[in-house]
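Chemist: any chance you could fold what I've pasted below:
(one chain, ligands or ions: 1)
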Amino acid sequence: MIMERPPMRYLFTFPSWAGAVTLTVLGLCAVLIAAPLAAQGRGGAMEEVVLALAIPPASQQATPVPEEERDHWRRVTIRPGDTLYDLFQRLDLGPVQVQQVLSAGRSARRLARLTPGEELELRIDDSGRLMELIYYPDARRVLRLVREGRRFRAESGERPMDVWLGQASAVIENSLFEAARQAGLSDRLTMELAEIFGWDIDFALDIRKGDRFSVLYEEFYRDGERIGEGHIVAAEFVNQGKTFRAVRYTTPDGRTDYYTPEGRSVRRAFLRTPVQFTRISSRFGRRFHPLLNRMRVHKGVDYAAPRGTPVRAAGDGKVIFRGRKGGYGKVVIIQHGQRYSTLYAHLNGFARGIRTGKRVRQGQTIGYVGSTGLATGPHLHYEFRVNGVHRNPLTVRLPQAAPLKKAYRDDFQRSARGLLAQLELLTRPTVAANRF
Ligand SMILES: [Zn+2]
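Modeler: The predicted structure is shown next:
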């Protein structure tokens, strides 16, 4: 996942029970201020932490400039068939101003092809001169034109948005999804939660009644209206008594990922299972082979899955074999560094571009489940070798993905501190209250 870190405004809210621990909140405020987000505490049960905004929203331009006070803002919606000319005509703005707007630079040319439903915000002075125009090309960006004499100066930026931290917390009674829904977490964020901790917890097999989780996630608001949700920014999952925590962090060079509070990647160098399977049809070790009709050692794990299910590379590496190999049928073998190799057998076919010598990334589709070679039905036969020795893919210790670079550790700690403190408060309000 690679994303830019958008300039956004964080507003931390605390739930109603926070009233009972107001002192805690005030104490926590200090933690939040210590975080890299510039903090503006307002006291009470709600604290506000504001990040720099690229451009202030038009509706919130509070600077009392006398000339501007006589101007007025108009918000107009593009109708089907509307051009900028039509729209300006309706507002008595005239064709000269259309030209001035459209010649304000490359970014302003986008205004020549408006689509119905889009909105423009226009500041017009008493004499009917357009002074400022604001346009939102999409949900994330804003284009702003400001009059400078007979011309307009164009500036583009991130669309200002309030980002609140939503929170959800639950104890699992029956299923993760049921508990998450009851806690108000969307299915998409629940999937994200399972993905974040999927490296340590097998969500198909390991979840038990009494497991619990707490999640902080981005909620986007504009003009007080909820317009969407972003990603999980911090989470804790307690599985069979074992606690896992993760914080989302974007490195200064723009890579976003989840890390443990100590700055280790939550990822492993290998996926535990390289396919979405319906059941494990044969485990590693000695077994009776139904086709050969005798005992033999099974050197991998069989995952039953519908024919055509994508098979993914377990880790970054290089394809060292792609082709047919006796009882394996169609098979791919990947070498990962010096020590590790993985094998994927009985494939129905290979993914496009997969051939010997090709570099692959973790999670990349390399082929599809089938039953070529010696197989009773469609399944993936998966082998994991360490220094040439077959190991049980279900239990082998998977090496950690590369940790955070040393140069980023301090930045990570600063950015994680406030989030972890809030997660702590969400998870263990009483413990947190005692601490401050
Ligand atoms: Zn097998």
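
Chemist: please, which helix or strand holds residue 319?
Modeler: If you go by DSSP states H and E, residue 319 is part of strand 317-324.

Chemist: that strand pairs with which strands, parallel or anti?
Modeler: strand 330-336 (antiparallel), strand 359-360 (antiparallel) (DSSP bridges).

Chemist: and that strand, how far from the chain's centre?
Modeler: Here strand 317-324 is found 31 Å from its chain centre; the criterion is Cα atoms, centre = their mean, to the nearest Å.

Chemist: mind listing what's buried in it?
Modeler: Buried residues in strand 317-324, defined by neighbour count with 16 or more other Cβ atoms under 10 Å: 317, 319, 322. Yep, even glycine has a C-beta here, placed from its N, CA and C like the rest.

Chemist: and what of stretch 209-222?
Modeler: Applying 16+ other Cβ under 10 Å to stretch 209-222 flags 211, 213, 214, 215, 216, 217, 218, 219, 220, 222 as buried.

Chemist: how about the strands of the stretch 51-200 of the chain, start to end?
Modeler: Here the stretch 51-200 of the chain has its strands, by DSSP state E, counting those that start in this stretch, at 72-77, 119-124, 130-135, 141-148, 151-158, 162-171.

Chemist: which stretch among the strands paired with strand 317-324 comes nearest the ion?
Modeler: Among these, strand 330-336 comes nearest to the ion, with 11.3 Å by Cβ to the ion.

Chemist: beyond the closest one, next helix or strand please.
Modeler: strand 340-350.

Chemist: that next one relative to strand 330-336, how many degrees between them?
Modeler: Counting by axes from the mean of the first three to the mean of the last three Cα atoms, to 10 degrees, strand 340-350 lies at 150 degrees to strand 330-336.

Chemist: buried residues of strand 340-350, list them for me.
Modeler: Of all the residues in strand 340-350, those buried under the rule 16+ other Cβ under 10 Å are 340, 341, 342, 343, 344, 345, 346, 347, 348, 350.

Chemist: contact residues of this protein facing the ion?
Modeler: Residues of the chain lying close to the ion (Cβ under 5 Å from the ion) are 302, 381.

Chemist: quick one: residue 387 from residue 299, how far?
Modeler: Distance of residue 387 to residue 299, computed by Cβ to Cβ, to the nearest Å: 15 Å.

Chemist: which one's more surrounded, those two?
Modeler: Using other Cβ atoms under 10 Å as the criterion, residue 387 and residue 299 rank with residue 299 on top: 17 against 9.

Chemist: contacts only, for the more buried one.
Modeler: 284, 383, 390 (Cβ atoms under 8 Å, 6 or more residues apart in numbering).

Chemist: where does the chain get nearest to the ion, which residue?
Modeler: Counting by Cβ to the ion, the chain gets nearest the ion through residue 381, at 3.3 Å.

Chemist: what about that residue, how many neighbours?
Modeler: 24.

Chemist: surely it meets residue 347?
Modeler: No: Residue 381 is beyond contact range of residue 347, at 9.4 Å (criterion: Cβ atoms under 8 Å).

Chemist: if I read this right, residue 390 contacts residue 300, doesn't it?
Modeler: Yes: Residue 390 is within contact range of residue 300, at 7.3 Å (criterion: Cβ under 8 Å).

Chemist: between these two, which contacts overlap?
Modeler: With Cβ under 8 Å, 6+ apart, residue 390 and residue 300 have common neighbours 284, 383, 384.

Chemist: partners of the strand ranked longest in the chain in the sheet?
Modeler: Across the chain, the longest stretch assigned as strand under DSSP state E is strand 225-239. Strands that pair with strand 225-239, judged by DSSP bridges, come out as strand 212-222 (antiparallel), strand 242-250 (antiparallel).

Chemist: same for the helix or strand following the shortest one, what does it pack against?
Modeler: Think strand 242-250. Once strand 242-250 ends, the next helix or strand along the chain (criterion: DSSP H and E) is strand 256-259. Here strand 256-259 touches strand 242-250, going by 3 or more Cβ pairs under 8 Å, 6 or more residues apart in numbering; DSSP states H and E.

Chemist: so where's the protein uncertain?
Modeler: 1-70, 288-289, 291-292, 429-436 (pLDDT under 70).

Chemist: please repeat the previous calculation with a cut-off of 80.
Modeler: Within the chain, the stretches with pLDDT under 80 are 1-71, 138-140, 159-161, 223, 286-296, 428-436.

Chemist: for it, which segments count as helices?
Modeler: 22-34, 66-70, 84-90, 95-102, 176-182, 187-197, 409-427, 429-435 (DSSP state H).

Chemist: quick check: closest non-adjacent residue to residue 251.
Modeler: residue 408 (5.1 Å; Cβ to Cβ, 6 or more residues apart in numbering).

Chemist: and this protein, what are its domains?
Modeler: Domain assignment for the chain, taken from automatic domain parsing, gives 1-53+160-267+400-436, 62-158, 279-391.

Chemist: re earlier: ok, and what's touching the strand holding residue 319?
Modeler: 330-337, 340-342, 350, 354-360, 366, 372-373.

Chemist: residue 348 against residue 377, yeah?
Modeler: No: Residue 348 is not in contact with residue 377 according to Cβ under 8 Å; the separation is 11.9 Å.

Chemist: which neighbours do the two have in common?
Modeler: residue 371.

Chemist: and the furthest pair within the buried residues of strand 340-350?
Modeler: Longest distance between any two of these is 25.1 Å, between 340 and 348; criterion Cβ to Cβ.

Chemist: grab the most central residue of this structure for me.
Modeler: residue 231 (4.6 Å; Cα atoms, centre = their mean).

Chemist: ranking the strands of the stretch 51-200 of the chain by burial, who's on top?
Modeler: strand 130-135 (a mean of 21; mean count of other Cβ atoms under 10 Å).

Chemist: partner strands of it, parallel or antiparallel?
Modeler: Strand 130-135 has these strand partners (DSSP bridges): strand 119-124 (antiparallel), strand 141-148 (antiparallel).

Chemist: what lies in contact with the first one?
Modeler: Which is strand 119-124. With Cβ under 8 Å, 6+ apart, strand 119-124 has contacts from 58-59, 68, 71-78, 87, 91, 93, 114, 130-136.
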